[in-house]
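1. sequence and predicted model, in that order:
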Amino acid sequence: MKRVEAQKEGVERLREEFEALAADARRLLEVTTEEAGEKAREARQKLAERIESAKGLIGKAEEGLSASLDKAGDYVREKPLQSLGIAAGVGLILGLLLGRK
């Protein structure tokens, strides 16, 4: 349960960091608005479009991750022994793969 909450907090921090980055980029766009030239105008427009696109993608990823974490948490609560067995199997396989040189 703690891991699920930690992952949700990580997603929230990622979203906050992205929002801060987007705000900084918007301020940069505002400051450079007076810069002359078609290339500068095109670059500002592309940056604004990419910020909006990335915002949408992060929102979708956040929703998907949240849903997946909720499903995983539900599964573990419903079938704790099966979950433990799966985790042990995955750990064993990873240990064997990482132990090879």
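-> Alright, I've got the coordinates.
2. neighbours around the residue nearest to residue 48 when sequence neighbours are not counted, how many?
-> Nearest residue to residue 48, sequence neighbours excluded (CB to CB, 6 or more residues apart in numbering): residue 29, at 6.1 Å. In short, each C-beta sits where N, CA and C put it, glycine included. Other residues lying near residue 29 total 15 when counted by other CB atoms under 10 Å.
3. and residue 29, what does it touch?
-> 44, 47-48 (CB atoms under 8 Å, 6 or more residues apart in numbering).
4. quick one: which of those is nearest to residue 59?
-> Set against residue 59, the nearest of the contacts of residue 29 by CB to CB is residue 48 (17.0 Å).
5. let's verify that closest one: helix, strand, or coil?
-> helix (DSSP: H, G, I helix; E, B strand; the rest coil).
6. and residue 48, how many neighbours?
-> Using other CB under 10 Å, residue 48 has 14 neighbouring residues.
7. low-confidence ranges, the protein, go.
-> Scanning the chain for pLDDT under 70 picks out 1, 3-4, 7, 33-36, 101.
8. and the helices in the chain, which stretches?
-> Counting by DSSP state H, the chain has these helices, from start to end: 2-31, 38-78, 80-99.
9. how about the first one: buried residues?
-> Looking back up the chat, that one is helix 2-31. Of all the residues in helix 2-31, those buried under the rule 16 or more other CB atoms under 10 Å are 11, 18, 22, 25.
10. in CSV: those residues, plus distance to residue 39.
-> Below are the buried residues of helix 2-31 laid out as CSV (distance: CB to CB, whole Å):
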residue, distance to residue 39
11, 37
18, 26
22, 22
25, 18
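11. most widely separated two among the residues you listed?
-> Across the buried residues of helix 2-31 (CB to CB), the longest gap, 20.9 Å, separates 11 and 25.
12. hang on, the earlier thing: any idea how far the residue nearest to residue 48 lies from residue 11?
-> 27 Å (CB to CB, to the nearest Å).
13. ok, now residue 26?
-> Residue 26 is 22 Å from residue 11, by CB to CB.
14. what of residue 31?
-> Taking CB to CB, one finds residue 31 at 31 Å from residue 11.
15. next: residue 37.
-> Distance from residue 37 to residue 11, counting by CB to CB: 39 Å.
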